[in-house]
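[1] got a predicted structure plus its sequence, pasted below:
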Amino acid sequence: MSWDEQDEAVELASASSWDIATRYHEFKARPSLKKLARQLRRISADAILERARQVLGSVVHPVVQRTVPYADLPAEASAPELDLDETMDNAPLALAAAAKGGGASARFPLSGHDLWMSYDTHRPQPVILSVDTSLSMTGEKLALTAVALAVVLLQFPDDPVGIVAFENSATVLKRPDERLTVAQLVERFLDVPAQGYTHLEDGLKGALKLVRAASMGSHGRPPSTVLLSDGKYTAGRDPSYLAPKFPHLVMLKVGRERASMELCRELAQKGSGTLKEVGELEALPAVMYSVVKDLLRGRSLA
C-alpha cells in the first residue's frame with residue numbers, strides 16, 4: 001500500500017457516516033476506493049435516512065369517508081359505521097318489509113347488499129418532486145437534498161410520488177407508480193451525476209410528464225409539485241411558460257441569491273402555488289417537512 005493509499009484509508013476510517021454522505025461523489029471518484037463504492041453508498045444512505053427520521057414527526061395520513069354496501073366493505077376499512085340514511089335511500093322496501101316482520105314480498109333477513117356502511121380510507125396524495133442536481137448542488141447540499149427527499153417518501157409511503165432530477169437534462173428517478181424503499185431511492189439519487197449546466201426548463205417538462213401520469217391513476221386531488229432549485233438556469237429557455245400547466249406548484253428557492261427571485265415568484269404564482277425560501281440549506285429538510293404537512297392537511301400553501 002502506498003503512502004497516498006494509507007492516508008486515504010486513515011481519512012476514510014476517521015470519517016463519520018454523515019461525512020461520507022457529504023463526500024460520497026468525491027470518495028467514489030478515487031480509483032483506490034472504487035471497489036468500495038457500493039458500501040460507501042449504503043453507509044451514505046443510512047446516514048441520510050437517520051437524519052430524515054430525526055426531522056420527521058408523527059406521520060398522519062389524510063382520510064376520506066366512503067359509503068358502500070356491507071358486502072363490499074373492504075377488510076382494511078377504518079371506523080366502519082352503519083349509514084342509515086344511505087341504507088334508507090338504497091333499500092327502503094327491504095327495510096320497510098323487515099320492520100313489519102316480513103311478509104310475502106319481504107326480503108328478510110336483509111342481505112349484505114341492503115345495509116350500507118360508511119368508513120374512512122386513506123386519501124391518496126400524489127406528489128411530484130423536481131430537484132436541481134447541477135454542480136451548484138454537490139457535496140453537503142446534495143446530501144441534505146437527499147434528506148429532504150427521504151422526508152417526503154417517509155411521509156407518503158403508499159402514495160404516488162414521482163421524482164425528477166435535472167442538470168444538463170432531466171432524469172426520472174422514480175415514477176409515481178413505482179414501488180421503491182426509501183433507501184433504494186436515496187441510493188439512486190446519490191448516483192445521479194452532477195453536471196455543469198442547469199436546465200430548469202427540462203426539469204419542469206420532466207415533472208409535468210409525471211404530473212400527467214399521476215393524474216391518470218388518481219381518484220383524489222390533483223398532484224402537487226415541489227420544485228427545488230436556486231431558480232437560476234444556464235441552459236434552455238425561460239421556463240415560466242410551463243408553470244400554468246401545473247395544478248399546484250410549490251417553489252422551494254434554495255440560497256440567498258436575489259437575481260432569480262423574480263422568476264421564482266412568477267413560477268409559484270402562475271403554478272397556483274407559493275414560494276418558500278430556504279436561505280441556508282441546512283434548513284431544507286425541516287422546510288420540506290412543513291410543506292409535506294401542509295399537503296397532508298389539504299392546505300393550498302398560499
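    Great, that's in hand. Residues are numbered from 1 along each chain as shown.
[2] just the element for Pro74, please.
    Here Pro74 sits in a region with no helix or strand, counting by DSSP states H and E.
[3] now stretch 32-49: buried residues?
    For stretch 32-49, burial by neighbour count (16 or more other CB atoms under 10 Å) applies to 33, 40-41, 43-49. For every residue, glycine as well, the C-beta is placed using N, CA and C.
[4] how about TSV for those, with pLDDT, secondary structure and distance to Arg66 added?
    Formatted as TSV, the entries for the buried residues of stretch 32-49 read as follows, by pLDDT from 0 to 100; DSSP: H, G, I helix; E, B strand; the rest coil; distance: CB to CB, whole Å:
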residue	pLDDT	secondary structure	distance to Arg66
Leu33	76	helix	54
Leu40	89	helix	47
Arg41	91	helix	42
Ile43	92	helix	44
Ser44	93	helix	42
Ala45	94	helix	37
Asp46	94	helix	39
Ala47	94	helix	41
Ile48	94	helix	37
Leu49	93	helix	34
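[5] neighbouring contacts of stretch 266-274?
    Contacts made with stretch 266-274 from outside it, assessed by CB atoms under 8 Å, 6 or more residues apart in numbering, are listed as 224-225, 227, 231, 239-240, 243-244, 246-251, 275, 300-302.
[6] what subset of those is buried?
    Among those, those classed as buried by neighbour count (16+ other CB under 10 Å) are 224-225, 227, 231, 239-240, 243, 246-251, 275, 301.
[7] I'd like to know which of those residues is nearest to Pro193.
    Taking CB to CB as the measure, Pro193 lies nearest Leu227 of the buried ones among the contacts of stretch 266-274, at 20.5 Å.
[8] and that closest one, what are its phi and psi?
    Phi and psi for Leu227, reported as degrees, to the nearest 10, are phi -100, psi 120.
[9] show me what it is bridged to.
    Ser130, Met251 (DSSP bridges).
[10] where in the stretch 1-150 of the chain is pLDDT low?
    For the stretch 1-150 of the chain, the stretches flagged by pLDDT under 70 are 1-10, 12, 57-65, 76, 91-112, 121-124, 135-137.
[11] can you show me the strands along it?
    Listed in chain order, the strands found in the stretch 1-150 of the chain under DSSP state E, counting those that start in this stretch are 63-69, 78-82, 116-122, 127-132.
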